[in-house]
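*Asks:* build me a structure from this.
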Amino acid sequence: MDEGRLEEVRAWVIKAGLYGTSEPDLLRGFCKGLHKAGLPVARALVIIDTLHPVHEGRVFRWRSDNAGESETVEYGRTSGGGEAAESWRRSPFYHLLQSGASLLRRRLSEPDGPEFALFDELRSEGQTDYLAVIQRFAEDSTIGEMDCVYSSWTTAQEGGFTDAQIEALQRLVPSLSLAVKSASLSRILETLVETYLGRDAGRRVLQGRIQRGVADRIEAVLWFSDLRGFTRVTDTAPPGEVIPFLNDYADAVISAVHEAGGDVLKLVGDGTLAIFTAEEPRDACRCALKAESLARERIRELNARREAEGLPVTQAYLGLHIGEVFYGNIGSQERLDFTVVGPAVNEVSRIGQMCRSAERDVLMSSAFVEAAHAEDRSEFVSVGRYALRGVGRSQELFTRERP
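*Replies:* Okay, here's the model as predicted:
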């Protein structure tokens with residue numbers, strides 16, 4: 001082995017980690033550097049848990065033979081039952097975790113310890129040696145399930161790894177683990193702010209727009225929706241069904257808004273506040289109408305599934321409006337919210353609430369109708385003038401009638 005090149009690998013991975021290089025690129029560059037230094041790794045695997053509403057963590061893979069495996073795999077919850085949990089409990093990493101050890105080495109041609117199903121697969125591919133490593137974090141450095149970095153390394157070299165090669169891996173892998181942790185923390189931060197603040201608001205916060213009182217004056221289409229009969233459902237459904245009920249319908253609405261180019265800013269119980277922006281207001285209106293169509297279709301599909309399972313169903317009420325709002329940080333020094341404020345926000349919520357009285361699933365303000373594309377207006381029908389609570393003047397409202 002070339003010790004000088006090994007030190008170059010360490011220096012490279014530290015620099016790449018500081019630059020924000022992605023985990024797959026970190027692993028690929030690290031392994032190629034090992035090869036140049038005379039350390040013939042054939043397969044490498046790095047695993048790190050994360051903080052994500054769906055996935056428990058991510059697996060990064062590299063093979064010297066470029067076998068076509070996906071470089072990145074996201075995995076679900078390993079707690080409880082299920083295939084993922086069973087697979088995890090049969091892994092060398094779980095064995096290490098339970099034993100408290102930090103390293104497990106097996107010469108695959110000379111079994112001398114616990115066997116794992118993985119080893120048969122490695123032997124069939126000509127691998128001769130296997131090394132698993134855990135880099136643990138201090139207790140106060142954990143985030144969610146993320147409390148360590150797992151990695152494994154194999155070689156097809158005759159006789160397996162030499163002692164010097166094992167020592168080199170033990171010396172270099174911590175630098176790779178630190179770089180992977182750094183990349184994963186950046187990803188976690190992005191996921192959290194976009195999940196809890198919304199995609200556009202999250203991006204703005206990550207770009208440094210966190211100063212209290214700083215807000216942009218923007219023209220936006222405003223969306224406010226809630227669920228028909230939600231109070232009745234919460235009063236009559238078993239407590240364990242209420243959150244799944246909300247999640248089902250929130251997923252239908254939010255996914256529709258996102259797919260149509262909007263941003264969800266706030267969830268309040270069963271209510272959803274979102275905005276659509278574009279250079280031309282008519283284009284923002286069209287995006288909101290697309291989201292409305294998508295949401296209706298997804299709710300229809302959802303209701304069919306829930307009815308088949310004997311679960312309560314509902315529909316969404318929706319108000320659409322367009323107006324000028326302030327978009328930015330509002331709140332106290334200890335607690336800020338990145339959202340929109342202004343009379344138009346109050347107005348769209350009142351329009352949405354008026355759906356019950358007008359017996360319509362969607363109502364649009366006259367301002368929205370005037371701003372929309374001319375060809376879209378052919379679907380709009382007036383339902384009359386209404387006085388909106390907290391709004392100084394009555395206004396004509398419209399609904400949407402599809403062919």
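*Asks:* got the CA positions of the host helix or strand of residue 31 in PDB?
*Replies:* Per DSSP states H and E, residue 31 falls inside helix 23-36. The C-alpha trace of helix 23-36 is given here as PDB (Å, rounded to 0.1, in the frame of the first residue of the first chain):
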ATOM      1  CA  GLU A  23     -23.100  10.700   0.100                       C
ATOM      2  CA  PRO A  24     -22.900   8.600  -3.000                       C
ATOM      3  CA  ASP A  25     -20.100  10.800  -4.400                       C
ATOM      4  CA  LEU A  26     -18.200  10.700  -1.100                       C
ATOM      5  CA  LEU A  27     -18.300   6.900  -1.000                       C
ATOM      6  CA  ARG A  28     -17.400   6.500  -4.700                       C
ATOM      7  CA  GLY A  29     -14.400   8.900  -4.400                       C
ATOM      8  CA  PHE A  30     -13.300   7.300  -1.200                       C
ATOM      9  CA  CYS A  31     -13.300   3.800  -2.700                       C
ATOM     10  CA  LYS A  32     -11.500   4.800  -5.900                       C
ATOM     11  CA  GLY A  33      -8.900   6.500  -3.800                       C
ATOM     12  CA  LEU A  34      -8.400   3.300  -1.800                       C
ATOM     13  CA  HIS A  35      -7.800   1.400  -5.000                       C
ATOM     14  CA  LYS A  36      -5.200   3.900  -6.200                       C
END
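*Asks:* which other helices and strands does the helix or strand just after it contact?
*Replies:* Scanning forward in sequence from helix 23-36 by DSSP H and E, the next helix or strand is strand 43-49. Applying 3 or more C-beta pairs under 8 Å, 6 or more residues apart in numbering; DSSP states H and E, one finds that strand 43-49 contacts helix 23-36, strand 57-63, strand 148-155, helix 163-197. Using the backbone N, CA and C atoms, a C-beta is placed for each residue, glycine as well.
*Asks:* ok, now with 6 Å
*Replies:* Judged by 3 or more C-beta pairs under 6 Å, 6 or more residues apart in numbering; DSSP states H and E, strand 43-49 is in contact with strand 57-63, strand 148-155, helix 163-197.
*Asks:* closest one to residue 97 among these?
*Replies:* Of all the helices and strands packed on strand 43-49, strand 148-155 sits nearest to residue 97, with 8.0 Å by C-beta to C-beta.
*Asks:* mind giving me the packing neighbours of that closest one?
*Replies:* The contact analysis (3+ C-beta pairs under 6 Å, 6+ apart) places strand 148-155 against strand 43-49, strand 129-136, helix 163-197.
*Asks:* any chance of these in a markdown table, with mean pLDDT too?
*Replies:* Shown next, in a markdown table, are those (pLDDT from 0 to 100):
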| stretch | mean pLDDT |
| --- | --- |
| strand 43-49 | 92 |
| strand 129-136 | 94 |
| helix 163-197 | 89 |
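*Asks:* so for residue 40, what pLDDT did the model give?
*Replies:* Residue-level confidence at residue 40 comes out at 95, pLDDT.
*Asks:* try residue 391
*Replies:* Looking at residue 391, its pLDDT reads 74.
*Asks:* so what's it up against?
*Replies:* Taking C-beta atoms under 6 Å, 6 or more residues apart in numbering, we find residue 391 in contact with 347, 350.
*Asks:* cool, and residue 385?
*Replies:* Contact partners of residue 385, counting by C-beta under 6 Å, 6+ apart, are 394, 396.
*Asks:* how about the one 3 residues further on?
*Replies:* Under the criterion of C-beta under 6 Å, 6+ apart, the contact list for residue 388 reads residue 350.
*Asks:* nearest to residue 327, of the helices and strands packed on strand 148-155?
*Replies:* Among those, the nearest to residue 327 by C-beta to C-beta is helix 163-197 (11.9 Å).
*Asks:* for the closest one, buried residues please.
*Replies:* Neighbour counts over helix 163-197 (16 or more other C-beta atoms under 10 Å) mark 165-166, 168-169, 172-173, 175-177, 179-184, 187-188, 191-194, 197 as buried.
*Asks:* low-confidence bits of the stretch 1-150 of the chain, can you list those?
*Replies:* Applying pLDDT under 70 to the stretch 1-150 of the chain flags residues 53-54, 67-68, 79-82, 84, 111-114.
*Asks:* what distance separates the start and the end of stretch 106-115?
*Replies:* Start and end residues of stretch 106-115 are separated by 9 Å (C-alpha to C-alpha, to the nearest Å).
*Asks:* and if you look at stretch 37-57?
*Replies:* This stretch, stretch 37-57, spans 31 Å end to end (C-alpha to C-alpha).
*Asks:* got the contact list for that stretch?
*Replies:* For stretch 37-57, the external contacting residues (C-beta under 6 Å, 6+ apart) are 1-2, 5-6, 27, 31, 34, 59-64, 74-75, 77, 143-146, 149-157, 165, 168, 180, 184, 188, 191.
*Asks:* what's next to stretch 165-177, contact-wise?
*Replies:* The contact list for stretch 165-177, computed with C-beta under 6 Å, 6+ apart, reads 6, 10, 13-14, 30, 39, 133, 135, 149, 151, 153.
*Asks:* strands of this structure, start to end?
*Replies:* 43-49, 57-63, 72-75, 103-107, 129-136, 148-155, 215-227, 263-268, 271-276, 316-331, 336-341, 362-365, 380-386, 395-400 (DSSP state E).
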